[in-house]
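> Take a look and give me a structure for this.
(one chain, ligands or ions: 3)
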Amino acid sequence: MSPIVVTGTDTGVGKTVFAAGLTAALGARYWKPVQSGLDEGGDTSEVARLAGLPPERIAPEAWRLRTPVSPHLAAEIDGVEIDPEALEPPVSDGPLVIEGAGGLLVPLNRRTLTIDLFARWGLPVVLVARTGLGTINHTLLSLEALAGRRVPVLGVAFVGEANDDNAATIAAFSGVKVLGRLPRLDPLTPETLAAAFAASFHIADFRL
Ligand SMILES: Nc1ncnc2c1ncn2[C@@H]1O[C@H](COP(=O)(O)OP(=O)(O)OP(=O)(O)O)[C@@H](O)[C@H]1O
Ligand SMILES: C[C@H](N)[C@H](N)CCCCCC(=O)O
Ligand SMILES: [Mg+2]
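Ligands and ions are numbered 1, 2, ... in the order given. All right, here's what the predicted structure looks like:
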């Protein structure tokens with residue numbers, strides 16, 4: 001089973017919540033290779049909570065950086081430099097969900113972007129996108145960048161309130177599949193997330 005990379009059109013679009021839903025639904029392991037902003041709590045603990053993961057289904061972060069800024073700068077503040085060439089997905093028998101930091105053109109150091117790492121891996125990518133105003137531009141730009149580097153794309157997963165024309169327009173211009181839409185959940189709990197994920201996505205789309 002191939003690992004799946006979860007990326008997004010921006011930071012804060014809902015990658016972690018989507019990744020938690022996907023990890024739970026697939027019975028997968030979860031890996032956040034580069035975490036910046038540990039001072040604010042990391043994505044791994046949030047996924048563990050939302051997906052109800054035991055420790056053996058969490059792969060430790062390769063880079064744990066304290067400051068909530070871009071990874072290249074967070075690393076500099078901590079006095080280290082990320083070596084993207086050394087980042088390899090952990091070997092896993094079963095499915096693995098990998099979450100990137102921020103969007104695709106986020107620098108890992110002063111020479112390498114997140115998308116360069118994904119291109120080297122060549123793993124299938126899910127692009128998480130907002131539903132509202134501005135998402136057509138951000139999503140189509142991200143898909144162009146992925147296509148330009150020949151990164152395989154499973155599809156777009158929207159997070160937010162329904163906006164059928166935005167989804168249809170993105171699908172029409174890009175030719176990329178819309179995998180579904182996770183609504184805003186209140187409360188956001190393991191139970192509401194599992195139910196909404198099952199209702200919003202076809203798990204077969206992610207069984208690779
Ligand atoms: N479907 C949802 N329902 C309710 N709240 C959500 C949902 N999706 C995301 N959120 C909330 O929005 C905020 C940003 O989401 P999230 O942390 O998943 O973004 P991200 O894309 O992973 O950001 P980062 O780039 O920092 O990793 C969080 O407070 C999260 O709980
Ligand atoms: C700190 C934050 N939650 C993410 N981990 C990092 C987001 C980096 C975004 C950089 C940028 O696009 O300007
Ligand atoms: Mg996240």
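> and this structure, which residues reach ligand 3?
Applying C-beta under 5 Å from the ion, we find that the chain lies next to ligand 3 at Lys15, Thr16, Asp43. C-betas here are computed from N, CA, C, even on glycine.
> CSV please, covering those residues and showing neighbour count.
Below are those laid out as CSV (neighbours: other C-beta atoms under 10 Å):
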residue, neighbour count
Lys15, 27
Thr16, 21
Asp43, 20
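> need the contact list for Pro95.
Counting by C-beta atoms under 8 Å, 6 or more residues apart in numbering, Pro95 makes contact with Met1, Pro3, Ile4, Leu26, Gly27, Ala28, Arg29, Phe206, Arg207.
> Could you rerun that using 7 Å?
Pro95 makes contact with Met1, Leu26, Ala28 under the criterion C-beta atoms under 7 Å, 6 or more residues apart in numbering.
> Repeat that for Pro68.
By C-beta under 7 Å, 6+ apart, the contact set of Pro68 is Ser36, Gly37, Asp39, Glu40.
> Next step: these restricted to strands.
Among these, the members found in strands (DSSP state E) are Ser36.
> So which of the contacts of Pro68 is the closest to Pro84?
Ser36 (14.5 Å; C-beta to C-beta).
> Tell me how many other residues crowd that closest one.
When counting by other C-beta atoms under 10 Å, one arrives at 27 neighbours for Ser36.
> In the sheet, which residues pair with it? Tell me.
Beta-bridge partners for Ser36, by DSSP bridges, are Leu65.
> ranges for the strands of this structure?
Using DSSP E, strands in the chain cover 4-8, 29-31, 34-36, 58-59, 63-65, 96-103, 125-130, 153-159, 178-182.
> pLDDT below threshold where in this structure?
Applying pLDDT under 70 to the chain flags no residue at all.
> So which residues on it come close to ligand 1?
Proximity of the chain to ligand 1 (C-beta under 6 Å from any ligand atom) is limited to residues 8, 11-17, 43, 102, 159, 182, 184-185, 188.
> Which members of those residues are the farthest-apart pair?
Among these, Gly102 and Leu185 lie farthest apart (C-beta to C-beta), at 22.2 Å.
> Comparing these two, which shows the higher neighbour count?
Under the criterion of other C-beta under 10 Å, the comparison of Gly102 against Leu185 puts Gly102 first, with 21 against 17.
> I'm done for today, thanks for sticking with me.
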